[in-house]
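> Fold the following, please.
(2 chains)
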Amino acid sequence: MLDLNLIRRQPDLVKEGLRKRGEDPALVDQVLELDAQRRALLKQVEAMRAERNRVSKEIPRMTDPDARAAKIAAMRTLGDELKALEQRLRAVEDRLHEQLAWMPNLPADDVPLGADEHDNVVVRTVGEKPTFDFTPQPHWDLGPALGILDFDRGVKLSGSRFYVLRGAGARLQRALIQWMLDLHIRQGYVEQYPPFMVRERVVFASGQLPKFRDNLYHDAEEDFWWVPTAEVPLTGLHMDEILAEEDLPLYYTAYTPCFRREKMSAGKDVRGIKRGHQFDKVEMYKFVHPDTSDRELEAMLADAEETLRLLGLTYRVVQLCTGDLGFAARKTYDLEVWAPGSGEWLEVSSVSNVGDFQARRANIRYRPKAGGRPRFVHTLNGSGLGLPRTLIAILETYQQADGSVVIPEVLRPYMGGMEVLRPA
RNA sequence: GGAGAGGUGCCGGAGUGGACGAACGGGGCGGUCUCGAAAACCGCUGUGGGCCUUGCGCCCACCGUGGGUUCGAAUCCCACCCUCUCCGCCA
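Reported below is the predicted structural model:
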């Protein structure tokens, strides 16, 4: 949520931000119009309430019954008028909040301009694309051949875009989760195990609602929403809290499954485990002092990169341009890992500085040590990493001519010492 | 799912229609005392919004949430949510 005061005071700045994203700047004028209406009505409503409060205090002290009855009658009339006016005010406020809720965050100043993902900037590439003296296979061939990936039975159970990990495949994913969490803990993050279903309010707070309703699963009868990312419950963790300044920064990490409706055109990304309705992810999250969020972003990026480096995977850092930024983000780096069998860069992580956008929606503040009003914290989130795509990169990178796959060294302790996945 | 109890400020806890934004206690902050500290005593201590004569101002709202009754609601009524206790069911 953007600051209404900012929109009021610097509408041109906000319009410029929306324009950079490819959004309609006219939204700003709509908001300003509603805000003006709201304040005009509010002024009237508050004057009437003040009048009613004042007279109501006089009434019990009035001794003349006629004068008293007259005042009560007058206040009854005032009350009816007030109620009607309050309804109009409410309607305007609802529309104003609705408009604000649909407005994305503004890009940071140093985000490259661009229309869509083609204008993203590759910041650096780390590692060399591996070479093979045989034709590397895609994971959708490797996995089933190794007996660790079962697409047919996944489909039988749940339909397209579902699969079953089997044997060492399931164990490898579990090893990755365990290893990543341990790594993030060493990096200073506190592990959290949140609910995988949360209330609508929490989904709103993180910015997935109202805009991405179509991408979310929820219970038809109760207020339960399946988390599309751990970012959602982690944002909600400190909802409606006022933190002490000395408590900041807070670093959290969590493993959760993620549930997403993927209403994509049939045929895109359907092969393999790249995109499913359910996938696992280990997430990093920070609540920080506003002055520090820029450097906290770089630090989080470094933490995410370390996972790929330690796994020995080839990756590149991509900075998203203004047109490709997510709804809540003001600056984002994506990490893309090279998958030699599929022959493409896979987005395995997205690390974002959200500024106070989520904090405002979730009402998360801190009390300045120096005194004064509570201020909104800044929040950051980053995947560290998405599991299926990491698995893809491992299988495809470490495959050998005979179809076996070497397990990265850091994972072996989590695999009971196993060094190689071999075809059954 | 059934029965009961309850949701008040940073915390505990009063308050059942009119000066209650909220007693009292604790905590925190400031001060007095002290070589210093403790104790004691005194004072201060919510959030959001609106207005302009930007005053250390005025006004409005907030006692789980949303409605209702009333001139007036923390207090009465209705619905919902949450917490706790007991019973049932259950990994």
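
> Any idea how many residues pack against the residue of the stretch 201-350 of chain A found nearest RNA strand B?
For the stretch 201-350 of chain A, the residue closest to RNA strand B is residue A:242, as judged by Cβ to the nearest atom of the strand, at 6.8 Å. Placement of C-beta: from N, CA and C, glycine included. Around residue A:242 there are 13 other residues, counting by other Cβ atoms under 10 Å.

> Looking at strand pairing, list the partners for it.
Note on residue A:242: beta-bridge partners by DSSP bridges are residue A:365.

> Need the pLDDT of the residue lying farthest from the centre of chain A.
Distance from the C-alpha centroid of chain A peaks at residue A:64, with 63.9 Å (Cα atoms, centre = their mean). Residue A:64 is assigned a pLDDT of 86 by the prediction.

> got it, and residue A:267?
60.

> Ramachandran angles for the nearest residue to residue A:238 once chain neighbours are set aside?
Leaving out its chain neighbours, the residue that sits closest to residue A:238 by Cβ to Cβ, 6 or more residues apart in numbering is residue A:364, at 4.8 Å. As for residue A:364, its main-chain torsions (degrees, to the nearest 10) stand at phi -110, psi 120.

> Verify the stated contact: the residue of the stretch 201-350 of chain A closest to RNA strand B with residue A:367.
Yes - counting by Cβ atoms under 8 Å, residue A:367 is a contact partner of residue A:242 at 5.6 Å.

> can you give me the strands in the stretch 101-250 of chain A?
A:121-126, A:149-150, A:164-165, A:190-192, A:197-198, A:225-226, A:242-244, A:250-259 (DSSP state E, counting those that start in this stretch).

> Residues that sit against both of residue A:242 and residue A:367, list them.
Counting by Cβ atoms under 8 Å, 6 or more residues apart in numbering, the contacts common to residue A:242 and residue A:367 are residue A:374.

> Around RNA strand B, pick out the residues from the stretch 201-350 of chain A.
Residues of the stretch 201-350 of chain A lying near RNA strand B by Cβ under 7 Å from any atom of the strand: residue A:242.

> where are the low-confidence patches of the stretch 201-350 of chain A?
A:264-268 (pLDDT under 70).

> let's see it at 90
Scanning the stretch 201-350 of chain A for pLDDT under 90 picks out the ranges A:201, A:209-210, A:212-214, A:218-224, A:238-248, A:261-272.

> ok, which stretches of it are helices?
A:231-236, A:293-311 (DSSP state H, counting those that start in this stretch).

> So for the last one, what gets flagged as buried?
Along helix A:293-311, the positions that meet the burial threshold by neighbour count (16 or more other Cβ atoms under 10 Å) are A:293-294, A:296-297, A:299-301, A:303-305, A:307-308, A:311.

> got the residues you listed as JSON lines, with distance to residue A:208 columns?
Shown next, in JSON lines, are the buried residues of helix A:293-311 (distance: Cβ to Cβ, whole Å):
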{"residue": "A:293", "distance to residue A:208": "21"}
{"residue": "A:294", "distance to residue A:208": "24"}
{"residue": "A:296", "distance to residue A:208": "22"}
{"residue": "A:297", "distance to residue A:208": "21"}
{"residue": "A:299", "distance to residue A:208": "25"}
{"residue": "A:300", "distance to residue A:208": "20"}
{"residue": "A:301", "distance to residue A:208": "23"}
{"residue": "A:303", "distance to residue A:208": "24"}
{"residue": "A:304", "distance to residue A:208": "21"}
{"residue": "A:305", "distance to residue A:208": "26"}
{"residue": "A:307", "distance to residue A:208": "25"}
{"residue": "A:308", "distance to residue A:208": "26"}
{"residue": "A:311", "distance to residue A:208": "29"}
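
> quick one, helices of the stretch 1-150 of chain A?
Under DSSP H, counting those that start in this stretch, the stretch 1-150 of chain A gives helices at A:4-9, A:11-21, A:26-58, A:65-101, A:139-146.

> which parts of the fourth one are buried?
Put plainly, it is helix A:65-101. A:71, A:75, A:82, A:85, A:86, A:89, A:92, A:93, A:95, A:96, A:99, A:100.

> how close does residue A:277 sit to residue A:375?
39 Å (Cβ to Cβ, to the nearest Å).

> Nearest residue to the middle of chain A?
Centre-most residue of chain A, counting by Cα atoms, centre = their mean: residue A:231, 4.9 Å.

> For that residue, which non-adjacent residue is spatially closest?
Residue A:231's closest residue in space is residue A:381 (Cβ to Cβ, 6+ apart), at 4.5 Å.

> now residue A:230
residue A:283 (3.8 Å).

> Now do the contacts for the one you found.
A:229, A:230, A:231, A:234, A:253, A:254, A:255, A:256, A:381, A:382, A:383, A:384.

> mind running it again at 10 Å?
Neighbouring residues of residue A:283 by Cβ atoms under 10 Å, 6 or more residues apart in numbering: A:180, A:184, A:189, A:192, A:194, A:227, A:229-234, A:252-256, A:258, A:349, A:381-386.

> do the same with residue A:341
A:132, A:135-142, A:272, A:392-393, A:395-397, A:399.

> what's the answer for residue A:318, then?
Counting by Cβ under 10 Å, 6+ apart, residue A:318 touches A:117, A:120-125, A:324, A:332-336, A:345, A:347, A:350.

> make it 6 Å
Applying Cβ atoms under 6 Å, 6 or more residues apart in numbering, one finds that residue A:318 lies in contact with A:120, A:122, A:334, A:336.

> Nearest spatial neighbour of it, chain-adjacent residues omitted?
For residue A:318, the spatially nearest residue (Cβ to Cβ, 6+ apart) is residue A:334, at 4.5 Å.
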